[in-house]
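# okay, sequence plus prediction incoming.
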Amino acid sequence: MTPSARIAAAIDLLAAVEAEPRRPADAIANDFFRTRRYIGGSDRRNVSDRAWGAIRQRLRLGWHLAEIGARPTPRLLMAAHLLLTEGWTAQGLAQNYSGERFAPAAPSVEEAAAIARLAGRPLVDPAMPEPIRLNLPDWAFPGFAARFGEALAPEAAAMEGVAPLDLRANLLRTTREAAVAALAAEGIVAVPTRFSPWGLRIADRRPVAASAAFVGGLVEVQDEGSQLIALLTDARPGMRVADYCAGAAGKTLAIAATMQNRGHIVACDVSTSRLQGATRRLRRAGVHNAETHLLAAGDKWRKRSGRSFDRVLVDAPCTGTGTWRRNPDARVRTGAQDLAELTAKQATILDQASELVRPGGRLVYATCSLLPEEDEMQMQAFLRRHPDFRELPVPALWSALVPGTPAPGEGPHLSLSPGRHDTDGFFAAVLERGA
């Protein structure tokens, strides 16, 4: 593809994302490229990177367009991104918005006026309100400010970056050292992660899904922060464990490895398709001690299984503010109403899942959110409702799980952020039911 054709495709992808503001952008992109098989690998990466760049800066670009009285159409959003984020000149833009074959159509009179006014403006303008200047939506800004205080600016900057590619060595089939060697044999350089004893990081985001190490179940794609949630579950051989919001079973896989395939894991979810994907992943990884269970209306399983599990992990549905490096569209796809609905749902799920914990067993609550409403505040409310549970400080648990390695973060919970730890943002609390 020519450079102009790549820009045209990026505009089309951005338009598809803008047309479905409630649908995840990665799902839209998958459909977009599936119907455009002619876009090859390197072109696809260029197109998606450019569209994702505009999505990542959507709040600021929208502010600039509003300041000059222009509508935020996909064409103008992409033009603003090229001018303000990538540093293009108006002349260079005109050469590519040329109207020639496969290129974007030439600017209209209104678009040309907007482009002329955008040229030379700084991406981050001192006149911007603080949330926009930090690239944070208004609805989430108070929570971020409460979480980070004076460190908010560097944390916000870190959330604008691109997430690394992390893998987890599957200890049911290999060791971390052997996984590094297997990947190296295929030209993929991996280095151990900073905190997870199973983690590997790929520096150049090489595609690993087609590698023999991945196909053979030696490694799984999993952010280091997500691995640490599984680690804190402290599931041991012979235990009964419930992964209550298992999704595609990433944490179930890690837990099965810590249990050495001995004991019993139930991976629960409300989605049949997610559980079908989980079943395929469990098979590839060589997991034999796990089953899946669909949580449906009228289901009696939770009542029949009450107080019978040693460990119950609740990786709760949340706003995903800790994953904005991976899902930049969520900055504008999620809002205050979502936060209110999700905090209510989290409380309900916690109450339901807690029924499964045996006396002396543990409930692990986790989110990929950085907002206190979904994290500490949710835990405080749960403990008020359930005085038979008490919180176990994470630093003491960590020293037993990873001897000689200091726990990331401070305080009684696990609290990870892109700025401090270069992981996705995660929160976790470990609660124990009284005997």
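Nice, I can see it. Model, not experiment: these values are computed from the prediction.
# any idea which residue of this protein is furthest from its center?
Most distant from the centre of the chain: residue 109, at 40.7 Å, with distances by C-alpha atoms, centre = their mean.
# name the helices or strands packed onto the longest strand seen in the chain?
As assigned by DSSP state E, the longest strand anywhere in the chain is strand 357-367. For strand 357-367, the packing partners by 3 or more C-beta pairs under 8 Å, 6 or more residues apart in numbering; DSSP states H and E come out as helix 224-233, strand 309-315, helix 336-354, helix 376-385, strand 389-392, strand 426-433. Yep, even glycine has a C-beta here, placed from its N, CA and C like the rest.
# again, only this time at 6 Å
Strand 357-367 sits against strand 309-315, strand 426-433, with contacts defined as 3 or more C-beta pairs under 6 Å, 6 or more residues apart in numbering; DSSP states H and E.
# from the chain's centroid, how far away is stretch 128-135?
23 Å (C-alpha atoms, centre = their mean, to the nearest Å).
# measure it end to end?
10 Å (C-alpha to C-alpha, to the nearest Å).
# quick check: buried residues in it?
Residues 128, 131, 132, 133, 134, 135 are the ones in stretch 128-135 that count as buried (16 or more other C-beta atoms under 10 Å).
# try stretch 200-210
Going by 16+ other C-beta under 10 Å, stretch 200-210 has these buried residues: 200, 201, 202, 208.
# these in strands, which ones?
Among the buried residues of stretch 200-210, the members found in strands (DSSP E) are 200, 201, 202.
# as a markdown table, these with distance to residue 285 and pLDDT would be great.
Below are these laid out as a markdown table (distance: C-beta to C-beta, whole Å; pLDDT from 0 to 100):
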| residue | distance to residue 285 | pLDDT |
| --- | --- | --- |
| 200 | 15 | 97 |
| 201 | 20 | 97 |
| 202 | 19 | 95 |
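# now do the phi/psi pair for the residue farthest from the centre of the chain.
Main-chain dihedrals, residue 109, degrees, to the nearest 10: phi -60, psi -40.
# and for the one 4 residues further on?
Note on residue 113: backbone dihedrals following degrees, to the nearest 10 are phi -70, psi -40.
# let me see the mean pLDDT of stretch 360-373.
Stretch 360-373 shows a mean pLDDT of 98.
# CA-only coordinates of it in CSV, if you can.
Taking Å, rounded to 0.1, in the frame of the first residue of the first chain, the C-alpha atoms of stretch 360-373 are listed here in CSV:
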residue,chain,number,x,y,z
GLY,A,360,-10.6,-20.8,57.0
GLY,A,361,-10.7,-20.4,53.2
ARG,A,362,-9.8,-17.3,51.2
LEU,A,363,-11.6,-14.9,48.9
VAL,A,364,-9.3,-13.0,46.5
TYR,A,365,-10.9,-9.9,45.0
ALA,A,366,-9.2,-8.3,41.9
THR,A,367,-9.9,-5.7,39.3
CYS,A,368,-7.9,-4.2,36.4
SER,A,369,-9.1,-0.8,37.6
LEU,A,370,-7.2,2.1,39.2
LEU,A,371,-10.3,3.7,40.7
PRO,A,372,-10.8,3.5,44.5
GLU,A,373,-14.6,3.1,44.0
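# all strands of the stretch 151-300 of the chain, in order?
165-169, 190-192, 199-202, 219-221, 240-243, 264-269, 290-294 (DSSP state E, counting those that start in this stretch).
# what angle separates the last one from strand 264-269?
On the basis of axes from the mean of the first three to the mean of the last three C-alpha atoms, to 10 degrees, strand 290-294 is oriented at 30 degrees to strand 264-269.
# check which element follows strand 290-294 along the chain.
Reading on from strand 290-294 to the C-terminus, the next helix or strand found by DSSP states H and E is helix 301-304.
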